[in-house]
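**Student:** Kindly generate the corresponding structure for this input.
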Amino acid sequence: MTATIEISKMKNSEQTKPLKESKPEVFDNVISATDFSVYYGKFHAVKNVNMGICRGKVTAIIGPSGCGKSTFLRCINRMNDLVESCRTTGCLALDGADIYHKRLDVVELRRRIGMVFQRPNPFPKSIYDNVAYGVRLKGSPGKAKLDEIVETSLRKAALWDEVKDRLNSNAIGMSGVDIIEAVLHDTNRILPVSSMLKDFHGISDICMSVPTLLNRQGVNNTINTPVSDKELAALKRSAETLKETAAQFGF
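**Tutor:** Coordinates of the predicted model:
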């Protein structure tokens, strides 16, 4: 049995009842950029950014590969300080305080602003020490408790079975291990490897990280995974941006 409502038979009060007006939410900027620019030597990587990142909201920065998204994000907790040729102009502030003020405590800044990268970006330490690093900053809870935290964390990341026998190995080599095993054992692994593309969905003569078949012969061939028209357009824009950037450096 179905029920239908005829709008014409609704009471006048129901037809003319005004919608309840809702006041727009007001969010303050926890991070704000004013005419903020980033340079690598003479190369102007990020140009005159003016924006606010609101407290309690999710902000997405969208753009083609190589356009400066990650460079800008690294500036927020001053990770670019480690790049000798990098310098900034303008103002980048956290809760109104200049992030680049000479008296700012960079360690405290990085405690407040964490980063999760698209790809693993470990410290040049062991796998164990990388996982335990944040816990140790607040004081070591003891070896047994630390072991438990490391194992639990790696299990949640679905990495425990892969690394449990090499926790003391350098974490930077993790991605390299997969490539080495594919080459030495001829296991035909599909991994995201950056190599010179040749007619990958019409994209050629540029290095980009795409699904690639690896075996004893090295890079065998790229896998032309299905992409939508929108994804393909974005991929081609990224390729063009990379080519333009390479050209600026004389490549």
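
**Student:** so what's the residue nearest to residue 196 when sequence neighbours are not counted up against?
**Tutor:** Distances taken as C-beta to C-beta, 6 or more residues apart in numbering put residue 207 closest to residue 196, at 5.5 Å, once the chain neighbours are dropped. Placement of C-beta: from N, CA and C, glycine included. Applying C-beta atoms under 8 Å, 6 or more residues apart in numbering to residue 207 gives the contacts 194-197, 242.

**Student:** Just the buried ones from the residues you listed?
**Tutor:** Neighbour counting over the contacts of residue 207 (16 or more other C-beta atoms under 10 Å) leaves 195, 197, 242 as the buried ones.

**Student:** Could you check how far the closest residue to residue 249 other than its chain neighbours is from residue 130?
**Tutor:** Using C-beta to C-beta, 6+ apart and skipping the chain neighbours, the partner closest in space to residue 249 is residue 43 (7.4 Å). According to C-beta to C-beta, to the nearest Å, residue 43 stands 31 Å off from residue 130.

**Student:** same thing with residue 146?
**Tutor:** Using C-beta to C-beta, one obtains 13 Å as the distance from residue 146 to residue 130.

**Student:** For those two, work out which one has more neighbours and name it.
**Tutor:** Set side by side, residue 146 and residue 130 show more neighbours around residue 130, with 20 against 16, by other C-beta atoms under 10 Å.

**Student:** That one: what secondary structure?
**Tutor:** Here residue 130 takes the helix state, with states given by DSSP: H, G, I helix; E, B strand; the rest coil.

**Student:** In this structure it contacts residue 123, no?
**Tutor:** Yes: proximity of residue 130 to residue 123 meets the contact threshold set by C-beta atoms under 8 Å, at 5.5 Å.

**Student:** overlap in contacts of these two?
**Tutor:** The overlap between the contact sets of residue 130 and residue 123 (C-beta under 8 Å, 6+ apart) consists of residue 171.

**Student:** Return the residues in contact with residue 46.
**Tutor:** For residue 46, the residues meeting the contact criterion (C-beta under 8 Å, 6+ apart) are 36-38, 68, 71-72, 75.

**Student:** mind running it again at 6 Å?
**Tutor:** Under the criterion of C-beta atoms under 6 Å, 6 or more residues apart in numbering, the contact list for residue 46 reads 37-38, 68, 71-72.

**Student:** Can you pull the phi/psi pair for it?
**Tutor:** Dihedral angles of residue 46 (phi, psi; degrees, to the nearest 10) stand at phi -130, psi 120.

**Student:** same question, residue 126
**Tutor:** Its backbone dihedrals place residue 126 at phi -70, psi 170, with angles given as degrees, to the nearest 10.

**Student:** give me the beta-bridge partners of it?
**Tutor:** For residue 126, the beta-bridge partners are residue 170 (DSSP bridges).

**Student:** So what's the residue count around it?
**Tutor:** Residue 126 has 17 neighbouring residues, counting by other C-beta under 10 Å.

**Student:** Good, wrapping up.
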